[in-house]
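**Q** Let me see the structure of the following:
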Amino acid sequence: MSKPHITRRQFLKGAAAAGTAAAFPAIVPASALGRDGHVAASERINMGVIGSGLQGTSNMKGFLRFRDVQMRAIADVDQGHREAAAAIVNEKYGNSDCDLHNDFRELNARDDIDAVIIATPDHWHVLNAIDAVENGKDAYVQKPLAWSVVEGRALCNAVEKHGKILQTGSQQRSDNRFRQACELVRNGRIGTLKYINVGIPDNNRFVGPTWTPEAVPQGFDYNFWLGPAPWAEYHTQRCHYEFRFILDYSGGQVTNFGAHNLDIAQWGLDADDSGPVEVIGNGVFPESGLFTTATKVYFECTYANGVKLICKTGNSGMTFEGTEGSIYVDRKRIRVIPETILDEPIGDDEIHLYESRDHYRNFADCVLSREKPICDAEVGHRSATVCNIGNIAMRLGRNLTWDPKAERFADDPEANALLGRTMRGSWALPA
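**A** Here you go, the predicted model:
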């Protein structure tokens, strides 16, 4: 007997009535939807975009590939960005129906939006996402999930409270090379794991030792762009891509490229719900100028099982080193020593990690199935935490003891003060 087909609208209505994930009915995977190349309106995921710069537009294009996703609206404080993104959507659908918002809260409040893409600067991720889930939206949030440890925990709590789906945009988890590397490590193919070496590139933007405030461009709501961050005079290099080199908004290359490989390190360590217990750092920071994040990175994290994770400025790959071999992996290759490790497949009774071949598709499927995506809120938060405490250790330049359960440093008020901040104006985390 075939299973009855359940539309998305029927599913959402039934899920709301059931009240718990355990009561959710089985549904047809999103990738299987569609008849003769068409998807009924009731079975589409209606999406909005919050933050439509370079990364937000790239994410949006990723979802525009799918017949069961309909892009409805764009929110961005930069008029030029939101209009350019809307033009792409309208060209795709052959109409002019994509709506524009300056304030993300207007988009989140819409009844015709099921899920949102969040690709704003890092200091906005959590406020955008909490507002989304409180308004009943699922969220695809660009990495790093959170600007601070305190914010990341608040988002995890909100996602759990409201029963929403959140995917962190750490797309290397949906790359077969990284999954294979972690499976080999987790199944003991390189013996006992001892070290993980993570390389991140140098800063790829520079500004001189002095800078002069500039006039805010027309069509750019700069005060809203700053949002919860401290007030600062406008400069072209403060915003858009280069925000990531200013500590008030991001964590430099540690939270940019480093977030990807540190996420994979956590996966290979089976530490998606925990983290290191000690961290020591020694970074080089600018002494003047606009940029404030480390220009040279070095920090070590030690885990309870004795494994040391070393993150430093160098290449953009990573190496797992064990007592019987090593595995190097990046986005182009995987190299194993000895090579014979690859000759023995992972057995049915061994550890097989969550497999996703497309990070966007995985999120869309999970929006419909209500299953956890490959890089959910807790995973994204724990990986961002490694980035954040690594930056704190470098800023303080000393050994720190970390409690991954309490998410606090041991007997260290100075370090703990850097785990969050008081937000500007009326912006605040949920009480």
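**Q** what residues are up against the most centrally placed residue in the chain?
**A** For the chain, the residue nearest the mean C-alpha position is Lys143 (2.5 Å; C-alpha atoms, centre = their mean). By C-beta atoms under 8 Å, 6 or more residues apart in numbering, the contact set of Lys143 is 168-170, 255, 259-260, 263, 380, 383-384. Where you see a C-beta, it was placed from the backbone N, CA and C, and this is true even at glycine.
**Q** Name the SS class of it, please.
**A** Following DSSP: H, G, I helix; E, B strand; the rest coil, Lys143 is assigned to coil.
**Q** measure the residue nearest to Gly283 when sequence neighbours are not counted to Val297 for me?
**A** Leaving aside its sequence neighbours, Gly283 sits nearest to Met394 (C-beta to C-beta, 6 or more residues apart in numbering; 3.2 Å). Taking C-beta to C-beta, to the nearest Å as the measure, Met394 falls 7 Å from Val297.
**Q** Tell me which of these two has more neighbours.
**A** Val297 (28 against 25; other C-beta atoms under 10 Å).
**Q** which phi and psi does that one have?
**A** Dihedral pair for Val297: phi -110, psi 140, per degrees, to the nearest 10.
**Q** Please list all residues in contact with the residue nearest to Asp131 when sequence neighbours are not counted.
**A** Nearest residue to Asp131 in three dimensions, chain neighbours excluded: Asn108, at 5.0 Å (C-beta to C-beta, 6+ apart). Residues near Asn108 by C-beta under 8 Å, 6+ apart: 48, 50, 116, 131-132, 134-135, 137.
**Q** Next: Asp78.
**A** 52-53, 219-221, 225, 240.
**Q** what about 6 Å?
**A** Contact analysis of Asp78 by C-beta atoms under 6 Å, 6 or more residues apart in numbering lists Phe220.
**Q** how near is it to Gly56?
**A** 10 Å.
**Q** Tell me if I'm right that Glu278 and Tyr303 touch.
**A** No: Glu278 lies out of contact with Tyr303 (C-beta atoms under 6 Å); the separation is 8.5 Å.
**Q** can you list residues touching both of Met394 and Val297?
**A** Gly283.
**Q** List the residues that contact Ser148.
**A** Gly420.
**Q** I'd like the distance between the closest residue to Asp330 other than its chain neighbours and Arg177.
**A** Spatial nearest neighbour of Asp330, excluding adjacent residues (C-beta to C-beta, 6+ apart): Gly317 at 3.5 Å. According to C-beta to C-beta, Gly317 and Arg177 sit 10 Å apart.
**Q** returning to what we had before: please report phi then psi for the residue nearest to Asp131.
**A** phi -60, psi -30.
**Q** can you pull out the strands in the stretch 51-200 of the chain?
**A** 69-75, 99-101, 115-118, 138-141, 166-168, 193-200 (DSSP state E, counting those that start in this stretch).
**Q** Tell me which of the ones you listed sits most buried.
**A** strand 166-168 (a mean of 31; mean count of other C-beta atoms under 10 Å).
**Q** for that strand, packing partners?
**A** Counting contacts by 3 or more C-beta pairs under 6 Å, 6 or more residues apart in numbering; DSSP states H and E, strand 166-168 is packed against strand 138-141.
**Q** And the contacts of the strand it packs on?
**A** Against strand 138-141 from outside (C-beta under 6 Å, 6+ apart): 115-118, 125, 129, 132, 164-168, 363, 367.
**Q** on that earlier part again, which one of Glu278 and Tyr303 is surrounded by more residues?
**A** Tyr303 (21 against 17).
**Q** Skipping adjacent residues, who's closest to that one in space?
**A** Pro276 (5.2 Å).
**Q** Same question for Ile346.
**A** Per C-beta to C-beta, 6+ apart, closest to Ile346 is Glu183, 5.5 Å.
**Q** Could you verify my assumption that the one you found touches Leu353?
**A** Yes: contact criterion C-beta under 6 Å: Glu183 and Leu353 qualify, at 5.4 Å.
**Q** Save the strands of the stretch 51-200 of the chain as CSV, and put in distance to Arg421 and mean pLDDT too.
**A** Below are these laid out as CSV (distance: least, C-beta to C-beta, whole Å; pLDDT from 0 to 100):
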stretch, distance to Arg421, mean pLDDT
strand 69-75, 24, 98
strand 99-101, 27, 98
strand 115-118, 20, 98
strand 138-141, 20, 98
strand 166-168, 22, 98
strand 193-200, 24, 97
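**Q** Same list, these, but as a markdown table with distance to Glu233 please.
**A** Converted to a markdown table, these look like this (distance: least, C-beta to C-beta, whole Å):
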| stretch | distance to Glu233 |
| --- | --- |
| strand 69-75 | 25 |
| strand 99-101 | 26 |
| strand 115-118 | 27 |
| strand 138-141 | 29 |
| strand 166-168 | 32 |
| strand 193-200 | 29 |
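**Q** Nearest to Ala41 among the ones you listed would be which one?
**A** With C-beta to C-beta as the criterion, Ala41 lies closest to strand 69-75 of these, at 8.0 Å.
**Q** Paired strands for the closest one, with orientation please.
**A** When sheet partners are counted by DSSP bridges, strand 69-75 sits next to strand 45-50 (parallel), strand 99-101 (parallel).
**Q** May I have it exported as PDB, CA atoms only?
**A** Output of strand 69-75 as PDB, limited to C-alpha atoms (Å, rounded to 0.1, in the frame of the first residue of the first chain):
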ATOM      1  CA  VAL A  69      12.100  26.800  -3.500                       C
ATOM      2  CA  GLN A  70      10.500  30.200  -4.300                       C
ATOM      3  CA  MET A  71      12.500  33.300  -3.500                       C
ATOM      4  CA  ARG A  72      10.100  36.000  -2.300                       C
ATOM      5  CA  ALA A  73      11.900  38.900  -0.700                       C
ATOM      6  CA  ILE A  74      15.200  40.600   0.000                       C
ATOM      7  CA  ALA A  75      16.200  42.600   3.100                       C
END
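**Q** what's the spacing between that strand and its chain's center?
**A** 20 Å (C-alpha atoms, centre = their mean, to the nearest Å).
**Q** Mind listing residues that contact it?
**A** So strand 69-75 is in contact with 44-50, 52, 63, 82, 85-86, 89, 99-101, 104, 107, 113, going by C-beta under 6 Å, 6+ apart.
**Q** Ok, stretch 53-60 next?
**A** Applying C-beta under 6 Å, 6+ apart, the set of residues contacting stretch 53-60 is 49, 81, 85, 117, 119, 142, 240.
**Q** Between the residues you listed, identify the one with the most neighbours.
**A** Val49 (30 neighbours).
**Q** ok, it touching Ile117?
**A** Yes: assessed by C-beta under 6 Å, Val49 is found in contact with Ile117 at 4.8 Å.
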